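Engineer: sharing a sequence plus its predicted fold:
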Amino acid sequence: MLRQVADGVLVHESTFVQSNAVVVEGRAGVLLIDPGVTASELDCLVNDLADLGRTVVAGFSTHPHWDHVLWHAGFGEVPRYGTARCAAAIRDELSDPHAKTRIADHLIETEIAGQVPLDLLGLITGLPAGTTRVPWDGPKVRIIEHQAHAPGHAALLIEERGVLVAGDMLSDVLIPMLEHDTADPVGDYLGALRLLEDVAGDAGVVVPGHGSVGGPGRARARIELDRAYLDAVRNGRVPADPRIGPSAKPGWEWVSDVHEGQFQQLAR
Ligand SMILES: [Zn+2]
């Protein structure tokens, strides 16, 4: 089911880790950001768009993780954009003929085993490095690329609508999930938060890749929460963070394990 979060911006929420697909209305059709996860949900989104009389004219993936680069034939053969680094990362991953089998194996342990269509996964067109806007016929969508969470990660600011699509950042349920393959994962993440802070004042709505859509002031509040988390782990302190430990939302206890894992990795 599509839910409007701002004028001309709708969200389709998955039951799988509260993943958010974002639909932005343009002149000739919609831009679809991080389309969703399971086959039945992608079917549902195809039908919802048909009911609205809208076709997809372009896609965008915020980063190269499998749950953000899926697609459904019903969305059509349209350009599916990402940053140059995002496209290169997924291309590199898929150059291994066993890549999709690995993703499917990883899903066996989850409640959506066998339900994720991998055939159109990762067919991303990289935008030239430094591209600052999604090339499409609709409201201006600014690309805010940064180094955090995944290679070529980008948030999108739909300026005229005041919506910040944060990718896998600024979540109310997930802590900052670090990209460990860099020299300074925490420093990179803090740098990314500064870039997001520059636009947070323009965002009356923040849509995280996973979690709840936030209203006015929430982007800034989540940036502060993420900073406090990073400050603690960088200094070897246990963070007092509502997303982990006893205060974690029911069903999200595994986030504490993610925290433990990256806390130990940083200590090494
Ligand atoms: Zn991710």
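Structural biologist: Everything's here; your move. In this text, all values refer to a predicted model and were calculated from it rather than measured experimentally.
Engineer: pick out the residue of the stretch 101-250 of the chain closest to the ion.
Structural biologist: Going by CB to the ion, the ion is nearest to residue 168 of the stretch 101-250 of the chain, at 3.8 Å. Quick note: C-beta positions are derived from backbone N, CA and C, even for glycine.
Engineer: I'd say that residue and residue 150 touch.
Structural biologist: Yes. Using CB atoms under 8 Å, residue 168 is in contact with residue 150, at 7.0 Å.
Engineer: so what sits against both of these two?
Structural biologist: Residues touching both residue 168 and residue 150 (CB atoms under 8 Å, 6 or more residues apart in numbering) are 63, 65.
Engineer: among those two, which residue is more densely surrounded?
Structural biologist: Legend: neighbour count by other CB atoms under 10 Å for residue 168 and residue 150, higher for residue 168 (24 against 21).
Engineer: need the contact list for that one.
Structural biologist: 62-63, 65, 68, 149-150, 153, 174, 177, 208-210.
Engineer: how about the residues of this structure by the ion?
Structural biologist: 65, 168 (CB under 5 Å from the ion).
Engineer: what bridges to the residue positioned nearest the centre of the chain?
Structural biologist: Among the residues of the chain, the one closest to the centroid is residue 167, at 2.6 Å (CA atoms, centre = their mean). Beta-bridge partners for residue 167, by DSSP bridges, are residue 208.
Engineer: state the distance from it to residue 110.
Structural biologist: The gap separating residue 167 from residue 110 is 21 Å, by CB to CB, to the nearest Å.
Engineer: format the contacts of residue 168 as CSV; extra columns: secondary structure and distance to residue 26.
Structural biologist: CSV is the format used below for the contacts of residue 168 (DSSP: H, G, I helix; E, B strand; the rest coil; distance: CB to CB, whole Å):
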residue, secondary structure, distance to residue 26
62, coil, 18
63, coil, 22
65, coil, 26
68, helix, 21
149, coil, 27
150, strand, 26
153, coil, 24
174, coil, 29
177, coil, 31
208, strand, 23
209, coil, 21
210, strand, 25
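Engineer: closest to residue 216 out of those residues?
Structural biologist: The nearest member of the contacts of residue 168 to residue 216, counting by CB to CB, is residue 208 at 15.5 Å.
Engineer: how much space between that closest one and residue 29?
Structural biologist: Here the criterion is CB to CB. By it, residue 208 lies 25 Å from residue 29.
Engineer: higher neighbour count, these two?
Structural biologist: Neighbours per residue, other CB under 10 Å: of residue 208 and residue 29, the larger number sits with residue 208, 26 against 19.
Engineer: mind checking the SS state of residue 250?
Structural biologist: Classification of residue 250 using DSSP: H, G, I helix; E, B strand; the rest coil returns coil.
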